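Asks: take this sequence and fold it.
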Amino acid sequence: MTQQEWIERDFYADLGVPSTASAQEIKRAYRTLARQLHPDANPHDRTAEERFKAVSEAHRVLSDPATRKEYDQTRQLYRSGAFHRAGTRTGTYTGRAAGAGGFDISDLFGGGSPFTTAGEAGFGDAFGDLFRRSGTRTGATRPRRGSDVEAEARLPLRQAVTGVVLPLQVNSPTACTTCHGSGARPGTHPRRCPSCGGAGTHTRNQGGFGFSDSCDDCRGTGMVIDTPCADCQGSGVGYRTRTINVRIPPGVADGQRIRLPTQGEPGLRGAPSGDLYVTVGVDPDPVFGRNGDDLTVTVPVSFAELTLGATISVPTLDSHVSVKIPAGTPSGRTFRIRERGVRCRNEKPGDLLVTVQVAVPKRLDQRAIDALRAYEKAEKADGFDPRASWPGR
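Replies: Below you'll find the predicted structure:
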């Protein structure tokens with residue numbers, strides 16, 4: 001992608017979000033579009049494939065705070081007409097790739113540019129850093145780091161608390177196994193583009209500026225493939241499903257992201273691979289809940305156990321513990337069992353919070369009913385009123 005295309009490209013529109021969107025909104029929009037446009041969901045659909053690439057590029061720029069800031073700054077300068085104001089200076093500036101009387105935008109914004117002011121970064125810094133990080137090609141041989149890949153994994157609460165090694169299937173781009181990434185049919189080789197001489201770009205002058213555009217004949221690669229590989233249609237890229245063992249650390253929370261370095265897309269021309277980010281989803285447990293590093297559990301008990309007192313057995317993650325309930329304990333009271341909760345790495349584990357909840361029987365035999373009636377009379381004779389201190393009395 002050329003510098004001018006980068007300036008004019010609206011990555012926010014590619015993701016369908018406003019320029020004021022938060023990082024979380026950008027992430028949600030990307031994940032939704034990526035699922036819809038993924039090549040696996042749209043086989044042999046070139047339009048969807050191109051949209052998938054555009055969405056991935058937009059996410060790569062906007063998900064990084066530093067890159068997004070520089071992108072916003074350069075677009076603001078472009079819209080404000082700063083380029084035209086710079087071009088009105090008197091005299092004629094001759095750039096490296098300029099025609100008669102013109103100059104190259106890389107000279108205007110490169111090192112030593114006269115269009116910088118004291119106390120603030122020059123245009124060259126913003127443009128140079130932005131284009132370098134986004135993988136813009138100034139030559140056909142520049143290496144480029146592979147893109148990051150995102151995946152999702154779901155696991156039960158108990159595994160999230162204790163940690164687990166989880167096999168994860170990831171479908172991601174990789175070098176075509178037929179042509180080994182060359183894009184040419186086996187037995188043939190790409191040749192240097194005669195139109196651009198292998199540079200991958202053409203320079204044109206417009207309004208006193210020199211712009212570098214991708215070569216149409218080689219599409220910016222600097223090489224021409226006469227006989228494309230039948231499996232990848234000359235792209236040199238294929239998709240494959242691979243299984244990666246992901247180590248989920250103890251205490252991982254719902255929605256937490258785990259980074260696996262160099263497990264993303266392969267780099268271009270020897271550059272390092274991108275990273276794999278796994279977003280963990282935690283399924284609810286029928287017994288335990290979670291509140292930070294504490295585990296919660298609600299234990300049903302009888303009215304007699306709360307009134308007379310009792311010792312009950314309460315489950316933990318790996319066994320059971322005994323909890324003593326004092327006589328006269330109200331329903332809904334919570335007991336704390338120290339260090340029987342979630343342990344995050346080497347930190348002190350949380351606690352187990354045990355809430356006792358009275359269970360009311362749905363059916364009683366006549367003997368139990370008679371006993372309960374007798375208790376009710378004795379209760380009233382003793383002067384007990386359950387609503388004596390109730391504000392709504």
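Asks: packing partners for the one helix or strand residue 281 maps to?
Replies: Element membership of residue 281, judged by DSSP states H and E, is strand 276-283. Secondary-structure packing of strand 276-283 (3 or more Cβ pairs under 8 Å, 6 or more residues apart in numbering; DSSP states H and E): strand 149-156, helix 157-162, strand 237-248, strand 257-260. From N, CA and C alone the C-beta is placed, and that goes for glycine too.
Asks: quick check: angle from it to strand 149-156?
Replies: 20 degrees (axes from the mean of the first three to the mean of the last three Cα atoms, to 10 degrees).
Asks: ok, then the element right after strand 276-283?
Replies: strand 288-291.
Asks: if we go by neighbour counts, what in the next helix or strand after that next one is buried?
Replies: Remark: after strand 288-291, the chain's next helix or strand is strand 294-301, criterion DSSP H and E. Buried residues in strand 294-301, counted by 16 or more other Cβ atoms under 10 Å: 294-297, 299, 301.
Asks: okay, now the unreliable bits of the stretch 201-350 of the chain?
Replies: 204-211, 268-271, 346 (pLDDT under 70).
Asks: again, 80 this time
Replies: Applying pLDDT under 80 to the stretch 201-350 of the chain flags residues 202-214, 216-222, 233-240, 265-271, 344-347.
Asks: again, but for the stretch 1-150 of the chain
Replies: Ranges of the stretch 1-150 of the chain meeting pLDDT under 80: 1-8, 38-44, 73-146.
Asks: tell me where it has strands.
Replies: 103-104, 149-156 (DSSP state E, counting those that start in this stretch).
Asks: I'd say residue 18 and residue 12 touch.
Replies: Yes: judged on Cβ atoms under 8 Å, residue 18 makes contact with residue 12 at a distance of 6.4 Å.
Asks: more neighbours: these two, which one.
Replies: Applying other Cβ atoms under 10 Å to residue 18 and residue 12 shows that residue 12 carries more neighbours, namely 21 against 9.
Asks: how many residues are close by the residue nearest to that one when sequence neighbours are not counted?
Replies: Counting by Cβ to Cβ, 6 or more residues apart in numbering, residue 12 lies nearest to residue 19, which is 5.0 Å off, once chain neighbours are set aside. Residues lying near residue 19 (other Cβ under 10 Å) number 14.
Asks: ditto for residue 323
Replies: Residue 323: 16 surrounding residues under other Cβ under 10 Å.
Asks: give me the nearest residue to residue 72, chain neighbours excluded.
Replies: Nearest residue to residue 72, sequence neighbours excluded (Cβ to Cβ, 6+ apart): residue 19, at 7.1 Å.
Asks: my guess is that neighbour meets residue 11, correct?
Replies: No: applying Cβ under 8 Å, one finds residue 19 not in contact with residue 11, separated by 9.3 Å.
Asks: if we can go back for a sec, got the buried residues for the strand holding residue 281?
Replies: 276-280, 282.
Asks: wait, what's in contact with residue 50?
Replies: Residues near residue 50 by Cβ atoms under 8 Å, 6 or more residues apart in numbering: none.
Asks: swap the cut-off to 10 Å and go again
Replies: With contact set as Cβ atoms under 10 Å, 6 or more residues apart in numbering, residue 50 has these partners: residue 37.
Asks: ok, now which ones touch the residue nearest to residue 72?
Replies: 10-13, 62, 68, 71-72, 75-76.
Asks: ok, back up a step: hey, which of the helices and strands packed on strand 276-283 is tucked in deepest?
Replies: Neighbour counts (mean count of other Cβ atoms under 10 Å) averaged over each of the helices and strands packed on strand 276-283 peak at helix 157-162, with a mean of 19.
Asks: got a list of contacts for it?
Replies: Here helix 157-162 makes contact (Cβ under 10 Å, 6+ apart) with 154, 156, 164-166, 248-254, 256, 280-290, 293, 295, 317-318, 341-344, 349-350.
Asks: so for it, what's the average pLDDT?
Replies: The average pLDDT within helix 157-162 is 92.
Asks: circling back to that earlier point, for the helices and strands packed on strand 276-283, give me a markdown table that also has distance to residue 32.
Replies: Shown next, in a markdown table, are these (distance: least, Cβ to Cβ, whole Å):
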| stretch | distance to residue 32 |
| --- | --- |
| strand 149-156 | 12 |
| helix 157-162 | 25 |
| strand 237-248 | 20 |
| strand 257-260 | 17 |
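Asks: looking at those, which is closest to residue 385?
Replies: For these, proximity to residue 385 was assessed by Cβ to Cβ; helix 157-162 is nearest, at 42.2 Å.
Asks: the closest one: what's the following helix or strand?
Replies: strand 164-175.
Asks: nearest spatial neighbour of residue 263, chain-adjacent residues omitted?
Replies: Spatial nearest neighbour of residue 263, chain neighbours left out: residue 276 (3.7 Å); criterion: Cβ to Cβ, 6+ apart.
Asks: show me what the one you found is bridged to.
Replies: Taking DSSP bridges, one obtains residue 149, residue 260 as the residues bridged to residue 276.
Asks: and it, what does it touch?
Replies: Residue 276 neighbours (Cβ under 10 Å, 6+ apart): 148-151, 168, 170, 172, 244, 246, 258-265.
Asks: the residue nearest to residue 241 when sequence neighbours are not counted: how many residues sit nearby?
Replies: Closest residue to residue 241 apart from its sequence neighbours, by Cβ to Cβ, 6+ apart: residue 171 at 4.9 Å. Residue 171 has 14 neighbours, counted by other Cβ under 10 Å.
Asks: wait, residue 171 touches residue 40, no?
Replies: Yes: Residue 171 lies in contact with residue 40 (Cβ atoms under 10 Å); the separation is 5.7 Å.
Asks: residues shared between the contacts of the two?
Replies: Common contacts of residue 171 and residue 40, defined by Cβ under 10 Å, 6+ apart, comprise 239, 241.
Asks: circling back to that earlier point, what touches both of residue 19 and residue 11?
Replies: 62, 68, 71-72, 75.
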